[in-house]
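K.L.:
task: produce atomic coordinates for the following.
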Amino acid sequence: MAADKTTILIVEDEPAIVELVSFTLKEAGWHSTAVHNATDAWNFMQTRMPHLILLDWMLPDQSGLRLLSRIRADRQFNELPIIMLTAKSMEEDKIAGLDHGADDYITKPFSPRELTARINALLRRKTPEHAQTLMAAGVVKLDPISCTVSLHDQKIDIGHAEFKLLKFFLAHPDRVFSRGQLLDKVWGDHVMIEERTVDVHVLRLRKALKEAEYLIKTVRSVGYMLSEK
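P.N.:
The predicted structure follows:
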């Protein structure tokens, strides 16, 4: 992906932030377009697919989280890289952002250098879990096209963050990953997010998998893995 062809959509209603971000992206060689509310962002996406979205948590017409949920519910935009821009720094808010499908999270005020680094890390991340073929382990099946998970061929409810985590595990069976590796591989270069966030999502994933929770194994002092053994 050539930098000069990369289009980044900025969804932010604070003029000073828009100006700073736009200048930072231009200096890095990216093209950017700024909109000031969720409605304009959605309309823009219908006519032109951005390579990445910088999405503010607080917008005048609806929350950034609500727009994020709408984007992730649309198959066309399901894999679109999204970084949340927010003044919120509580751990619960970070987990909420990931739950709704954010790939990364950057807290205001942030430096132009940090923003550029986060965008670069997300754009260059290409991993096997982007496969579009049916994935399975034991009685668990994951369909990347419909974004559904089934147990004994019965669809189960699963959060977006847990879906991404399961998809990654299924793409790398019988391989142990540390919490730091999982944060990096599944959600990106999360400088601001605690590694214990991974434990929360693993716990939720096991709960969603019910009797198949045995597939997600804890490796003491190392991390987690998926294995049928």
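K.L.:
for the lowest-mean-pLDDT helix or strand in the chain, what is the distance to the chain centroid?
P.N.:
None of the helices or strands of the chain scores lower by mean pLDDT, DSSP states H and E than helix 91-99, at a mean of 80. Remark: helix 91-99 is offset 11 Å from the chain centroid, using Cα atoms, centre = their mean, to the nearest Å.
K.L.:
quick one: buried residues of it?
P.N.:
Buried residues in helix 91-99, defined by neighbour count with 16 or more other Cβ atoms under 10 Å: Asp93, Lys94, Ile95, Ala96, Gly97, Leu98, Asp99. Using the backbone N, CA and C atoms, a C-beta is placed for each residue, glycine as well.
K.L.:
report all helices and strands that it contacts.
P.N.:
If you count contacts as 3 or more Cβ pairs under 8 Å, 6 or more residues apart in numbering; DSSP states H and E, helix 91-99 packs onto helix 64-73, strand 82-86, strand 104-107, helix 160-171, helix 196-209.
K.L.:
kindly reformat those as TSV containing mean pLDDT.
P.N.:
Below are those laid out as TSV (pLDDT from 0 to 100):
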stretch	mean pLDDT
helix 64-73	92
strand 82-86	90
strand 104-107	88
helix 160-171	91
helix 196-209	93
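K.L.:
wait, which of the ones you listed is closest to Leu20?
P.N.:
Shortest distance between Leu20 and the helices and strands packed on helix 91-99, using Cβ to Cβ, is found for strand 82-86: 10.7 Å.
K.L.:
so, low pLDDT: which residues of the protein?
P.N.:
1-5, 125-132, 188-193 (pLDDT under 70).
K.L.:
now the strands for it?
P.N.:
Using DSSP state E, the strands of the chain run over residues 7-11, 31-35, 52-56, 82-86, 104-107, 135-137, 140-143, 148-151, 154-156, 216-219, 223-226.
K.L.:
comparing those strands, which comes out most buried?
P.N.:
strand 52-56 (a mean of 25; mean count of other Cβ atoms under 10 Å).
K.L.:
residue most distant from the centroid, the chain?
P.N.:
Here the centre of the chain is the reference, and by Cα atoms, centre = their mean the most remote residue is Lys229, at 29.4 Å.
K.L.:
run a quick neighbour tally on the residue nearest to that one when sequence neighbours are not counted.
P.N.:
In space, Lys229 comes closest to Asp174 once its chain neighbours are excluded; the distance is 7.3 Å by Cβ to Cβ, 6 or more residues apart in numbering. Around Asp174 there are 12 other residues, counting by other Cβ atoms under 10 Å.
K.L.:
swap in Ile145?
P.N.:
Ile145: 10 neighbours (other Cβ under 10 Å).
K.L.:
go ahead and confirm it touches Arg75.
P.N.:
Yes: contact criterion Cβ atoms under 8 Å: Ile145 and Arg75 qualify, at 7.4 Å.
K.L.:
before I go, just wanted to say thanks for your time.
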